[in-house]
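> Quick one, fold the following:
(chains A and B)
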Amino acid sequence: MLLADARALCPDLAAIPGDPAGDLALLEKLALWSQRWGPWSAMDPPDGLLVDITGVAHLFGGEEALLKDVAGAFAARGLMARAALAPTAGSAWALSHFGAHYGQPGAILDAGDDPLRLLCDLPVAALRLDADILTVLRRLGIKRLGALAGVTGAGEEDASREAAARDALRRRFRNHRSPTANPLLRLDQLLGRVPEPLLPVVARPMPMVQRRLADPLRHRALLDRVVADLASAMMRALEARGEGARRLELALWRVDGEVLMRRIELAAATREAGHITRLFAGRLDDVEAGFGIETVQLRASWSEPLALSQADLDAAAEHHGTALAACIDRLTVRLGPKAVTRLVARASHLPERAQAWQPPLDPAPPSQGALAFHARPLKLLERPEPIAVLYASPDGLPQRFRWRGSVREVVRAAGPERIAPEWWRERSTTRLRDYYRIEDATGARYWIYRLGIAGDGRGGVPDWFLQGLYA
Amino acid sequence: MFPKPSPARVLSRPLPETRWRPGLTAQPFHSEIFAPAGEASGAGLALALARDALAAAGKGQGEDGRHVLWVQDCKAIRQGGRPCLGGLPPDWRHRLIHVVAATPEDALFAIEEGVRCRDLACVIGEIAGNPRALSFTASRRLSLAAERHGVALWLVRLDAEPDLSSARMRWRVRAAPSPPPRWNAAAPGTATWHAELFRARAHAPGEWMLCDDKTALAIRRDPEEERAATPDPVRLARPTVGRSLAARVRA
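Okay, the predicted model is just below:
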């Protein structure tokens, strides 16, 4: 049903936009938080959590008490939760999702129970199967786990019927490798006959160091001292993890509650305290201390692995100057991240679109080799500048033109090189370009083009532009 | 700082050549090139000189993979444009780091940081006009940093007056008519410049016609002499009347 239809039926409807990414992030946080009940936990998107509580229940006073604790903790945070506890992840999932009629909210399956006898009344959807597999099973008339596994749950043991059901399942689904498409595999996982690997969620706290200051800081020299302390503490924290920082955030808490943030990004992973201090020193000039700064915090919100390496012996470093990454960091911090770039080729024929600027130490994207017979100018003007043609030769090439206020005589020319507009990107009325390499009487070499040709039906008399300068 | 050279080494060192020519090994670390802004001759000569110096210094040391820093201030970009990937020498295309500086002060800062960096092959700066920031003190600062860290700097000055500077070599360059290409005499030829060395420590001032054919910087020879020296397969291109071309080659 469309939202408009639903609103027509029920005008008081409260509509809230869905946020799948936010839900997933919340689930991830919940998975970390739920490690209070067990050593590790896994996410089961979109709405489930699995916690391994092997050998932990006695810490909470037994399994019932643990489930009660879970229900209370979720309820205190305003979240509705159905918890179940079972020897395997599959049976716990089945119980929590479909076990409402089986028992109380907190259903527990003991290790001694026979799961197949107790769960045979659950629907086959409790096996975590895909929707199309469920359709197949429904058409086959299999609705309950018991029917799938060939047991009735009434107590009479019939090993031959169970084996026949297994055999039929294996034959029907032998081409389905994925667990979510293979009911037999899911059944075995539920019964604990085959292992089910889960991907645990591991918390990686970002490296963070902070100083709470006894007296609020009001002077720059003291702040520099604190930042240098923090940088060396950060260096130790990163060194212990074998990492280097790519992005650093410095937060300054003022006495009046204001928080000032300074963020720097680094061209390559680093953990040199002196370098970090120097970069922040350039960014602290505009800090208003007000009544003073009481807490300074430095955290590395993006870090990359960086192996330990031999430090520079003796004074060689002083002679050698800075490393390339450090040099780029200094330039970026002062001139801005867009100012320091590197030229890479892009898939296009238009000269201004055929090159792009990207951060200098990023790997270059794969590109096609340039054609050797294309003579491109050394420099391209920011945008093509119009030239006024004073006299044109019969074939249309200018013999004399005016550019930037001075008249130039064309002595030699080569061309045209026709570059058609990119019809898949531009409007249909965009005109083509005919490029010429020319040399004027003084020897200056230019790259000019004519936008369109006369009579192409896309405008009047074509204009001439100067786009590039040859060396 | 640097170890003092032994007397033997001082005595055996050849005297500096008074006349400049391409391919000299002992190139100064700070040079200035004055060029008009309406043409790319300044940047072209700076690139050619830098490649010449790097090739002379790194002869026999394998391929040089170090990066090159190209600093431009906004006025220079507005007047002379940005570098174009297709027009750069092929082995420099993936090594160029370009810096846009809003003001000449920022450009000088970027040049100095580049000169202090040990991982750079050389630094090319482009500054338009005669900004107040680029005083004698600033240029002396650049010279000292370049000589101390051994990273060469070529500073292109667009439309600038040659005022006081501590650059070790100062060039004045303008584009010159290029030699006609062999197969299309109506087309522009290889890059050619009229370069005037008007101040240098080790060399006498002089003027040269320099050309760069994407492989090496060379002094342009007389056109007649060049035509005589070029191997001419004209025997193959002659109209083949009577005998086949293959027969002519065999003959």
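> so how far is chain B from the nearest residue in space to residue A:203 that is not next to it in sequence?
Leaving aside its sequence neighbours, residue A:203 sits nearest to residue A:32 (CB to CB, 6 or more residues apart in numbering or on different chains; 5.0 Å). From N, CA and C alone the C-beta is placed, and that goes for glycine too. For residue A:32, the distance to chain B equals 41 Å [CB to the nearest CB, to the nearest Å].
> show me the contacts for residue A:32.
Residue A:32 makes contact with A:41, A:201, A:203 under the criterion CB atoms under 8 Å, 6 or more residues apart in numbering or on different chains.
> and which of those residues is nearest to residue A:444?
residue A:203 (64.1 Å; CB to CB).
> Which positions in whatever helix or strand the residue nearest to residue A:203 lives in come out as buried?
Assigned by DSSP states H and E, residue A:32 falls within helix A:20-33. By 16 or more other CB atoms under 10 Å in any protein chain shown, the buried positions in helix A:20-33 come out as A:27, A:30, A:31.
> Make CSV out of these and add pLDDT and distance to residue B:21.
Compiled in CSV, the buried residues of helix A:20-33 are given as follows (pLDDT from 0 to 100; distance: CB to CB, whole Å):
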residue, pLDDT, distance to residue B:21
A:27, 94, 72
A:30, 93, 75
A:31, 94, 72
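> would you list those residues in JSON lines and tack on distance to residue B:96?
Listed next are the buried residues of helix A:20-33 as JSON lines, based on distance: CB to CB, whole Å:
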{"residue": "A:27", "distance to residue B:96": "46"}
{"residue": "A:30", "distance to residue B:96": "49"}
{"residue": "A:31", "distance to residue B:96": "47"}
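> From the residues you listed, pick the one nearest residue A:470.
So of the buried residues of helix A:20-33, ranked by how close each gets to residue A:470 (CB to CB), first place is residue A:27, at 59.7 Å.
> For the stretch 51-200 of chain A, which residue gets nearest to chain B?
Closest residue of the stretch 51-200 of chain A to chain B, CB to the nearest CB: residue A:199 (38.8 Å).
> ugh, typo on my part, it should be chain A
With CB to the nearest CB as the measure, residue A:471 is the residue of chain A nearest to chain B, at 2.6 Å.
> thinking again about what came up before, so what's the residue count around the residue of the stretch 51-200 of chain A closest to chain B?
Residues lying near residue A:199 (other CB atoms under 10 Å in any protein chain shown) number 8.
> With the flanking residues excluded, which residue is spatially nearest to it?
Nearest non-adjacent residue to residue A:199, counting by CB to CB, 6+ apart: residue A:42, 5.7 Å away.
> The one you found reaches residue A:30, doesn't it?
No: counting by CB atoms under 8 Å, no contact exists between residue A:42 and residue A:30, whose distance comes to 11.6 Å.
> Touching both of those two, which residues are there?
residue A:49.
> Secondary structure element for whatever residue of chain B ends up closest to chain A, which one?
For chain B and chain A, the shortest gap (CB to the nearest CB) falls at residue B:44, measuring 2.6 Å. If you go by DSSP H and E, residue B:44 is part of helix B:41-57.
> now do residue A:244
Assigned by DSSP H and E, residue A:244 falls in strand A:243-254.
> Now do the helix or strand just after that strand and strand A:243-254, the angle between them.
Following strand A:243-254 in sequence order, the next helix or strand is strand A:259-270 (DSSP H and E). Between strand A:259-270 and strand A:243-254, the angle comes out at 170 degrees (axes from the mean of the first three to the mean of the last three CA atoms, to 10 degrees).
> how distant is strand A:259-270 from the center of its chain?
Its chain's average C-alpha position is 19 Å from that of strand A:259-270, according to CA atoms, centre = their mean, to the nearest Å.
> Give me the contact list for that strand.
A:243-254, A:276, A:279-280, A:283-284, A:287-288, A:302-306, A:324-326, A:328-329, A:332-333, A:337, A:359-361.
> In its sheet, which strands sit next to that strand, and in what direction?
As defined by DSSP bridges, the strand partners of strand A:259-270 come to strand A:243-254 (antiparallel).
> buried residues in the partner strand?
Buried-residue list, strand A:243-254, by 16+ other CB under 10 Å: A:243, A:244, A:245, A:246, A:248, A:249, A:250, A:251, A:252, A:253, A:254.
> Out of the contacts of residue A:32, grab the one that's most surrounded.
Per-residue neighbour counts (other CB under 10 Å) across the contacts of residue A:32 peak at residue A:41, which has 23 neighbours.
> If you count contacts, what does the helix or strand containing it end up packed against?
If you go by DSSP H and E, residue A:41 is part of strand A:40-44. If contacts are counted by 3 or more CB pairs under 8 Å, 6 or more residues apart in numbering or on different chains; DSSP states H and E, strand A:40-44 sits against helix A:20-33, strand A:48-52.
> picking that back up, chain center to the helix holding residue B:44, what's the gap?
Worked out by CA atoms, centre = their mean, helix B:41-57 lies 2 Å from the chain centre.
> List the pairing partners of the next helix-or-strand element following it within its sheet, with orientation.
Downstream of helix B:41-57, the first helix or strand assigned by DSSP H and E is strand B:67-73. Counting by DSSP bridges, the strands paired with strand B:67-73 are strand B:96-101 (parallel), strand B:120-128 (parallel).
> downstream neighbour of strand B:67-73 in the secondary structure list?
By DSSP H and E, the next helix or strand past strand B:67-73 is helix B:74-80.
> buried set for that next one?
B:74, B:75, B:76, B:77, B:79, B:80.
> likewise stretch B:143-160?
B:143, B:145-149, B:151-160.
> of those, list those near chain A.
B:148, B:149, B:151 (CB under 8 Å from any CB of the partner chain).
> Just put those residues in a markdown table and tack on pLDDT, secondary structure and distance to residue A:159.
As requested, those are exported to a markdown table (pLDDT from 0 to 100; DSSP: H, G, I helix; E, B strand; the rest coil; distance: CB to CB, whole Å):
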| residue | pLDDT | secondary structure | distance to residue A:159 |
| --- | --- | --- | --- |
| B:148 | 89 | helix | 89 |
| B:149 | 88 | helix | 84 |
| B:151 | 91 | coil | 83 |
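> quick one: contacts for residue 209?
You didn't pick a chain, so chain A it is. Here residue A:209 is in contact with A:230, A:233, A:234, A:237, A:297, A:298, A:299 (CB under 8 Å, 6+ apart).
> Oops, wrong one, chain B.
B:176, B:192, B:193, B:194, B:195, B:219, B:220.
> how about the fifth one, what does it touch?
This means residue B:195. Going by CB under 8 Å, 6+ apart, residue B:195 touches B:45, B:171, B:172, B:173, B:207, B:208, B:209, B:210.
> and the fifth one, what are its bridge partners?
Beta-bridge pairing for residue B:207 (DSSP bridges): residue B:196.
> And the fourth one, by the same measure?
Beta-bridge pairing for residue B:173 (DSSP bridges): residue B:195.
> what about it, neighbour count?
Residue B:173: 25 neighbours (other CB under 10 Å).
> Need the per-residue pLDDT for it.
pLDDT, residue B:173: 94.
> just checking, it touches residue B:34?
Yes: the pair residue B:173 / residue B:34 is scored as a contact, 7.0 Å apart, by CB under 8 Å.
> Give me the common contacts of the two.
residue B:42.
> one step back: average pLDDT for the strand holding residue A:41, rounded please.
For strand A:40-44, mean pLDDT is 92.
> Next: stretch A:346-353.
So the average pLDDT for stretch A:346-353 ends up being 90.
> And for stretch A:372-388?
Regarding stretch A:372-388, the rounded mean pLDDT is 91.
> end-to-end on that stretch?
The first and last residues of stretch A:372-388 sit 31 Å apart, counting by CA to CA, to the nearest Å.
> Contacts for it next, please.
Residues from elsewhere that reach stretch A:372-388 (CB under 8 Å, 6+ apart): A:351-352, A:370, A:398, A:401-404, A:414, A:417, A:437, A:445-449, A:463-471, B:40, B:43-44, B:47, B:77-78, B:80-88.
> what does stretch A:425-433 give?
Contacts of stretch A:425-433 (CB under 8 Å, 6+ apart): A:350, A:418-421, A:423, A:449-453, A:456, A:458-459, A:462.
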